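[1] predicted model follows, preceded by the sequence.
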Amino acid sequence: MADLENANPTILSVSQLPSRRHKGGAARHGPDARCDSIVYPKQPWPYGSGSSEDEDEDEDGDEPMDEQDIYDLISTISDPEHPHTLGQLSVVRLPDIRVSPSAVLPDPESLVTVLVELTPTVNHCSLATVIGLAVRCRLEQTLPPNYRVDVRMKDGTHAQDDQVTKQLADKERVAAALENDTLQRMVDKMLETCA
């Protein structure tokens, strides 16, 4: 087994992570469940075109997603080197997520930008781009079509943060990376831990 680049990162327990997520498997109701229809889709887009029971569940889903909702989507992605999630390793942190516009209920047709800044466990992390790719894939797969995703390395946290950020922002590079079978398998493996 290859040696880990950072064998001793700070690891948070799951109970220390900020979350609205319900720990049990029972159906959720109320404002805490407002994004369940997005995270756990029952039908293809657009939502709300089902039975009256589905419409009752979507009543609370009219509110826009906020930073906590985004954190809940990506904090459970597993790290490619450690047997922990990105949330446990503080690679993904709630203060480093911004959703704009945030204070208003967006029109379903208006664009919403989600900015996620990643903090690698070491400043020379060789898998920073793969981690960013997994975060980008998770968000693009689960968010509505009017959400735009911007994944970056937090300034000063990686020796090549500007280069990694540039790669993650380039749609052609991202598409090419996902055509690589090895990278696609790695990303799929990282996303297996997402609920």
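    That came in fine, so what should we check first?
[2] check which helix or strand covers Asp150.
    strand 147-153 (DSSP states H and E).
[3] direction included, what does that strand pair up with?
    Each strand that strand 147-153 pairs with, and the sense of that pairing, follows from DSSP bridges: strand 112-118 (parallel).
[4] downstream of the partner strand, the next helix or strand is which one?
    Defined by DSSP H and E, the subsequent element after strand 112-118 is helix 128-142.
[5] and the angle from that following helix to strand 112-118?
    With axes from the mean of the first three to the mean of the last three Cα atoms, to 10 degrees as the criterion, the two stretches helix 128-142 and strand 112-118 enclose an angle of 150 degrees.
[6] where in the chain is pLDDT low?
    Counting by pLDDT under 70, the chain contains low-confidence residues at 1-9, 13, 16, 21-63, 102-108, 195.
[7] and it, what are its domain boundaries?
    The record assigns the chain these domain ranges, following automatic domain parsing: 30-62, 64-191.
[8] and Ser19, which of those domains is closest to it?
    Closest to Ser19 of the domains of the chain, according to Cβ to Cβ: domain 64-191, at 5.7 Å. Where C-beta positions appear, they are placed from N, C-alpha and C, glycine not excepted.
[9] can you give me the end-to-end span of that closest one?
    Start-to-end span of domain 64-191 (Cα to Cα, to the nearest Å) is 24 Å.
[10] stretch 78-94 too?
    From the first residue to the last, stretch 78-94 extends over 17 Å; the measure is Cα to Cα.
[11] list the buried ones in that stretch?
    Buried positions in stretch 78-94, judged by neighbour count with 16 or more other Cβ atoms under 10 Å: 78-82, 84-93.
[12] separation between Leu139 and Ile70?
    Counting by Cβ to Cβ, to the nearest Å, the gap from Leu139 to Ile70 is 7 Å.
[13] what do you get for Ser110?
    As it turns out, when the distance is counted by Cβ to Cβ, Ser110 lies 17 Å from Ile70.
[14] more neighbours: these two, which one.
    Ile70 (26 against 10; other Cβ atoms under 10 Å).
[15] residues in contact with the more buried one?
    Under the criterion of Cβ atoms under 8 Å, 6 or more residues apart in numbering, the contact partners of Ile70 comprise 97, 99, 114, 116, 139.
[16] just list whatever residues bridge to the first one.
    Just to be clear, that refers to Ile97. Beta-bridge pairing of Ile97 under DSSP bridges involves Val116.
[17] residues near it, how many?
    Here the number of neighbours of Ile97 (other Cβ under 10 Å) works out to 20.
[18] cool, the fourth one as well?
    For Val116, the number of neighbouring residues by other Cβ under 10 Å comes to 26.
[19] please tell me I have it right and it contacts Arg148.
    No - Val116 is not in contact with Arg148 according to Cβ atoms under 8 Å; the separation is 11.7 Å.
[20] buried residues of stretch 174-185, list them for me.
    For stretch 174-185, by 16+ other Cβ under 10 Å, it's 174, 177, 183.
[21] in a helix, the first one, correct?
    Yes - per DSSP: H, G, I helix; E, B strand; the rest coil, Val174 lies within a helix segment.
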